[in-house]
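Asks: Only the shape, not the letters, is given here:
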C-alpha cells in the first residue's frame, strides 16, 4: 500500500487544503463525481472559476479509463455556494485498492461538502428502463465483497441514498424513476446468467462504481444523491453485445438533459 493511503483521512485533509489554496475558497458546499459520458453535462453549470488536474493534489492517481478526464473544477453556483466537480473517478477494477476509489469523496467532505452527488453510466436490468434514461438510486446491492471502511467502523446504511435529496430532484423532474443498483467489480461485463441472478435479488441497475464512494462519504457524515444513466440494456436483456464506446456515446447523448437537471438541483441541495 502506498504511504499516501496508510492514513486515508489524513491524505484527504491534505488534498482539501490544497484545493482551498488553489481556488482561494475556504470551503466548498457540494461535490459531484461525473461518471462515464457525463463530463459534458458539467458544462451546464456555467464557467468554472478554476479547473486543474486532480494529480496536482495529494493521493489522486492519473485516470486510466476512457471517458474519465482526471480534472477537478470549482464553480460558484447561483445561490452563492461553491461546488466541486470531479470529471471522472478511480474504479475498484483498476487494481489500485479501495482507498484511491474513495479518495475523491473523502477529499470533498474534508473540503466542506455536506452533500455528495454521484453519477454513473450503468446497465439497465429492469426492462422498463430505456437507454438514455436517468434513474435515482434508492438502494444498492454490493457483489464485490469489498468495503472502503476498515476495522470496526459500523456505519448504518439504512438511509444511505438520502430520501430528502431524492425528493428535491423528483420535485424538479417528477418523471424520474428510482431503482436498486448493483455494484459489480468489473472490468468484464456481467454474463446473462449473472444478470438473471441480479434481477432475482431485486436489482434494477448494474454498474462498476458509486457504491464505495457513497459508503465512504456517508461514513464521514455527508448526504448522498446518486443518479444512474442507463447507457445500455444489461447482458442478455436484448441479446446485443456490450462495449464501452457505446456506453460513452449514450452518456454524451443524454448530457444536455442531465446537465440542465443538475444546474437546477444543485443550488437547492
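Replies: On my side now, so go ahead. As the structure is a computational prediction, the values presented were derived from the model and not from experiment.
Asks: Based on its surroundings, how many neighbours for residue 17?
Replies: Using other CB atoms under 10 Å, residue 17 has 15 other residues around it. Yep, even glycine has a C-beta here, placed from its N, CA and C like the rest.
Asks: Retrieve the pLDDT associated with it.
Replies: For residue 17, the pLDDT comes out at 98.
Asks: next one: phi and psi at it?
Replies: Backbone geometry at residue 17, expressed as degrees, to the nearest 10, gives phi -60, psi -40.
Asks: Distance check, it against residue 27.
Replies: 11 Å (CB to CB, to the nearest Å).
Asks: mind listing the strands for the stretch 51-200 of the chain?
Replies: 71-76, 82-87, 115-124, 134-142, 177-183 (DSSP state E, counting those that start in this stretch).
Asks: how close does residue 185 sit to residue 171?
Replies: Distance, residue 185 to residue 171, by CB to CB: 35 Å.
Asks: Export the strands of the stretch 51-200 of the chain as CSV, with columns for mean neighbour count, distance to residue 156 and mean pLDDT.
Replies: Formatted as CSV, the strands of the stretch 51-200 of the chain follow (neighbours: other CB atoms under 10 Å; distance: least, CB to CB, whole Å; pLDDT from 0 to 100):
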stretch, mean neighbour count, distance to residue 156, mean pLDDT
strand 71-76, 22, 30, 96
strand 82-87, 24, 26, 96
strand 115-124, 26, 17, 94
strand 134-142, 19, 13, 97
strand 177-183, 22, 18, 98
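Asks: And those strands: which comes nearest residue 213?
Replies: For residue 213, the closest of the strands of the stretch 51-200 of the chain is strand 115-124, at 5.6 Å, according to CB to CB.
Asks: Who are the packing partners of that closest one?
Replies: Judged by 3 or more CB pairs under 8 Å, 6 or more residues apart in numbering; DSSP states H and E, the packing partners of strand 115-124 are strand 30-34, helix 98-110, strand 205-207, helix 211-219, strand 223-233, helix 244-253.
Asks: Next, the angle from that strand to strand 223-233.
Replies: Angle, strand 115-124 to strand 223-233, by axes from the mean of the first three to the mean of the last three CA atoms, to 10 degrees: 20 degrees.
Asks: Sheet partners, orientation included, of strand 115-124?
Replies: strand 30-34 (parallel), strand 205-207 (antiparallel), strand 223-233 (parallel) (DSSP bridges).
Asks: which stretch among those comes nearest residue 56?
Replies: Closest approach to residue 56 among the strands paired with strand 115-124 (CB to CB): strand 30-34, 16.9 Å.
Asks: Contacts for stretch 23-35, please.
Replies: By CB atoms under 8 Å, 6 or more residues apart in numbering, the surrounding residues in contact with stretch 23-35 are 19-20, 41-42, 49-50, 74, 77, 81-89, 104-105, 108, 111-121, 209-210, 213, 229, 251, 262, 266, 269.
Asks: buried sites along it?
Replies: 23, 25, 28-35 (16 or more other CB atoms under 10 Å).
Asks: want to try CSV for those residues, with pLDDT as columns?
Replies: Converted to CSV, the buried residues of stretch 23-35 look like this (pLDDT from 0 to 100):
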residue, pLDDT
23, 98
25, 97
28, 98
29, 98
30, 98
31, 98
32, 97
33, 96
34, 91
35, 83
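Asks: Most widely separated two among these?
Replies: The distance between the two most remote of these (CB to CB) is 24.7 Å, for 25 and 35.
Asks: Could you measure from the nearest residue to residue 71 once chain neighbours are set aside over to residue 35?
Replies: Distances taken as CB to CB, 6 or more residues apart in numbering put residue 87 closest to residue 71, at 4.3 Å, once the chain neighbours are dropped. Residue 87 sits 10 Å away from residue 35, going by CB to CB.
Asks: Likewise for residue 169?
Replies: Noted for residue 169: a distance of 16 Å to residue 35, by CB to CB.
Asks: Tell me, please, the helix or strand in the chain that averages the lowest pLDDT.
Replies: Least confident helix or strand of the chain, by mean pLDDT, DSSP states H and E, is helix 244-253 with a mean of 68.
Asks: other SSEs contacting the next helix or strand after that one?
Replies: Going down the chain from helix 244-253, the next helix or strand is helix 255-265, by DSSP states H and E. Applying 3+ CB pairs under 8 Å, 6+ apart, we find helix 255-265 packed against strand 134-142, helix 163-172.
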